[in-house]
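*Asks:* no FASTA, just this:
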């Protein structure tokens, strides 16, 4: 076992512990490993980062020979495997230097528009309304900068080129997976549909793993993203032009709905904004929204200059459109 190679010297770093336990470890190694985890809360996070880094380099690592009767050959193979792992770890920590072309490819959507883009590496990106991204594909890395809005990523598996989505609040890194990234002013949300995604602020030791069916939220000033179970139907409903809300304040619903319209919506009063709403709407469908508000609350929508205002139906101006 790989762990046997480390009996003479106790590992000191997350990478060394990961390598020690990679092929299975005996009781002594496991006891020492758990003692190391207890020494510093950051150790568990560093080890989790190593796990997803190994996923990135797994295909390359599988090419290393299995243990044989020649210890020297096996140790040489282990050194090569460790070198692969170290290189991937450097990339995951942002320590590697990549050459980027001066002009990335930019894609954007208008209010209410959605767009799917096929990349040269086989990945597919679906941009939601009011979204702007820039894409760079290089031999050793793939990077998307999400400047605003939301996008769903179907990442083609390529262990030699991690796929990174950068935003002003933090980044998400994965390989061969499906996930959604939504940037809303001071909030970043990452929802994993398939596979695993690493979400971090960009600071060493800040990475958290977001498994399938989970969602990470990162706000300005947070040192680590908060991870919880995701409502995939609500988070990814926009892919089928559906907006699902469950017991949400009407003011928040109108703000979200406004992403899909050229004219913003707002509530006329704080009382109206505080009403709790549960509904499934077609994105941008004002007629469906108006019918829902009339039926559930007796409200209506009227235009005031450059905006749409939700009002009490009884107070609607006769001259309003």
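*Replies:* Cool, got the structure. Just so we're clear, the structure is a prediction, and the values are computed from it rather than from any experiment.
*Asks:* Pop the domain breakdown of the chain in here.
*Replies:* Taking automatic domain parsing as the domain assignment, the ranges for the chain are 2-92, 105-234, 241-315.
*Asks:* Same list, those, but as TSV with mean neighbour count and mean pLDDT please.
*Replies:* All C-beta atoms are positioned from the backbone trio N, CA, C, and that covers glycine. Formatted as TSV, the domains of the chain follow (neighbours: other CB atoms under 10 Å; pLDDT from 0 to 100):
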stretch	mean neighbour count	mean pLDDT
domain 2-92	16	62
domain 105-234	18	94
domain 241-315	16	95
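*Asks:* pretty sure residue 274 is in contact with residue 249, am I right?
*Replies:* Yes: applying CB atoms under 8 Å, one finds residue 274 in contact with residue 249, separated by 5.8 Å.
*Asks:* And the strands in the stretch 1-150 of the chain?
*Replies:* 105-108, 115-118, 124-127, 132-137, 142-154 (DSSP state E, counting those that start in this stretch).
*Asks:* Each with direction, which strands does the longest one pair with?
*Replies:* Okay, so that is strand 142-154. Partners of strand 142-154 in the sheet, by DSSP bridges, are strand 124-127 (antiparallel), strand 132-137 (antiparallel), strand 163-166 (parallel), strand 178-184 (antiparallel).
*Asks:* can you check the second one too?
*Replies:* Using DSSP bridges, strand 115-118 pairs in its sheet with strand 124-127 (antiparallel).
*Asks:* and the strand it pairs with, how far out from the chain's middle?
*Replies:* 14 Å (CA atoms, centre = their mean, to the nearest Å).
*Asks:* can you redo the strands paired with strand 142-154 as TSV with distance to residue 111?
*Replies:* Shown next, in TSV, are those (distance: least, CB to CB, whole Å):
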stretch	distance to residue 111
strand 124-127	12
strand 132-137	12
strand 163-166	22
strand 178-184	15
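*Asks:* For residue 235, find the nearest of the ones you listed.
*Replies:* strand 178-184 (6.1 Å; CB to CB).
*Asks:* relative to strand 178-184, how tilted is the very next helix or strand once past the closest one?
*Replies:* Going down the chain from strand 178-184, the next helix or strand is strand 187-194, by DSSP states H and E. For strand 187-194 against strand 178-184, the angle by axes from the mean of the first three to the mean of the last three CA atoms, to 10 degrees is 170 degrees.
*Asks:* Starting from the following helix or strand past strand 187-194, tell me which strands it pairs with and how they run.
*Replies:* Per DSSP H and E, the first helix or strand lying C-terminal to strand 187-194 is strand 196-200. Using DSSP bridges, strand 196-200 pairs in its sheet with strand 171-174 (antiparallel), strand 208-211 (antiparallel).
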